[in-house]
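Novice: Below are the sequence and a predicted model for it; my questions follow.
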Amino acid sequence: DAALRLEAVAKGYNLGTPGEVQVLRGVDLTIAPGETVALVAPSGAGKSTLLHIAGLLDTPDTGRVLIGGQDMTGRGDGARTAVRRGDVGFIYQFHHLLPEFTAAENVILPQLADGAGRAQAGARAAELLERVGLSARADHRPAALSGGEQQRVAFCRALANRPRLLLADEPTGNLDPDTSDRVFDVLMTLVAETGLAALIATHNMGLAARMDRVLRLENGMVVAA
Ligand code: ADP
Ligand code: ADP
């Protein structure tokens, strides 16, 4: 089964005035297990909308979303939340770490929400933080970490529940170019090691070129770059 499949996905926003904003007009997209795909588009083209629909944070007006072969159309909030927590990892441009919790706790909490035991979740967090070079920072809160370190913690959080699909919205867009390159290397290494599928929105063509395929979002449709 495909890690992610979108079939004829359409989405518009009705702003309550004539002239609805039609953002997605029939997106077809299939990502195989282990495949990495870049999504390139100008700001406002609908990347966040597409990623939120793929990550079950939002629903399409029409069309189907399948995750690991499971059709999510018409599924209730409980089923959608379970699949989102267990099968999908999300990385944002800004890390969205919980400021009152340490780096390790930020990686542990989603595992507890997914039913893991405390000891197992702690061991998994320690292992992930070590792989991104942050063992010494495990007990620090986000505010004590640099931007690149915060984003590496966010990668660990996204991978904590061993998702089959990673969705990333400009994952290094908030970092300076040097840090962005280094942090992106860490992300690609993690993705390769875990063999998960990834859909990564980026403006950075250099980074996009390192993925298996590059797609463009144009006029509400996804086309090969
Ligand atoms: P991107 O991530 O490519 O910058 P978005 O998906 O955030 O694009 O937005 C695409 C378009 O949809 C933009 O014109 C944006 O203003 C509009 N949009 C996004 N979210 C909403 C919303 N909740 N209500 C109305 N319009 C929205
Ligand atoms: P943007 O891409 O515009 O910067 P974010 O990526 O921060 O915005 O979030 C986009 C939307 O997704 C917001 O409306 C936010 O409330 C929602 N969102 C973000 N993370 C989660 C989550 N873990 N669960 C549910 N909704 C979320």
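Specialist: Here it is on my side, so go on. Residues are numbered from 1 along each chain as shown. Ligands and ions are numbered 1, 2, ... in the order given.
Novice: which phi and psi does Phe94 have?
Specialist: The phi/psi pair for Phe94 (degrees, to the nearest 10) reads phi -100, psi 140.
Novice: Next: Asn204.
Specialist: Dihedral pair for Asn204: phi -90, psi 100, per degrees, to the nearest 10.
Novice: Pretty sure Thr172 is one of the things it touches, is it not?
Specialist: Yes: between Asn204 and Thr172 there is a contact under Cβ atoms under 8 Å: 7.4 Å. The C-beta positions use only the backbone N, C-alpha and C, and glycine is treated the same way.
Novice: So for the two, which sits in the more crowded spot?
Specialist: Thr172 (25 against 18; other Cβ atoms under 10 Å).
Novice: what pLDDT does that one get?
Specialist: With respect to pLDDT, Thr172 scores 90.
Novice: Contacts only, for it.
Specialist: By Cβ atoms under 8 Å, 6 or more residues apart in numbering, the residues touching Thr172 are 151, 179-181, 183-184, 187, 202, 204, 207.
Novice: so where does it fall, helix or strand?
Specialist: Thr172 is located outside every helix and strand, with elements delineated by DSSP states H and E.
Novice: What distance do you get for it to Pro163?
Specialist: Thr172 is 19 Å from Pro163, where distance means Cβ to Cβ, to the nearest Å.
Novice: Over to the most centrally placed residue in the chain. Which of the three states is it?
Specialist: The centre of the chain sits closest to Leu167, judged by Cα atoms, centre = their mean, with a distance of 2.3 Å. At Leu167, secondary structure determined by DSSP: H, G, I helix; E, B strand; the rest coil is strand.
Novice: which residues does it bridge with?
Specialist: As for beta bridges, Leu167 partners with Phe90, Leu199 under DSSP bridges.
Novice: which stretches of this protein have low pLDDT?
Specialist: By pLDDT under 70, the low-scoring segments of the chain are 17-19.
Novice: Would you map the strands across it?
Specialist: 4-13, 21-31, 36-40, 62-67, 70-71, 88-91, 165-169, 197-201, 213-218, 221-224 (DSSP state E).
Novice: I'd like those laid out as CSV, including distance to Gly55.
Specialist: Shown next, in CSV, are the strands of the chain (distance: least, Cβ to Cβ, whole Å):
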stretch, distance to Gly55
strand 4-13, 9
strand 21-31, 13
strand 36-40, 13
strand 62-67, 9
strand 70-71, 14
strand 88-91, 5
strand 165-169, 5
strand 197-201, 9
strand 213-218, 16
strand 221-224, 16
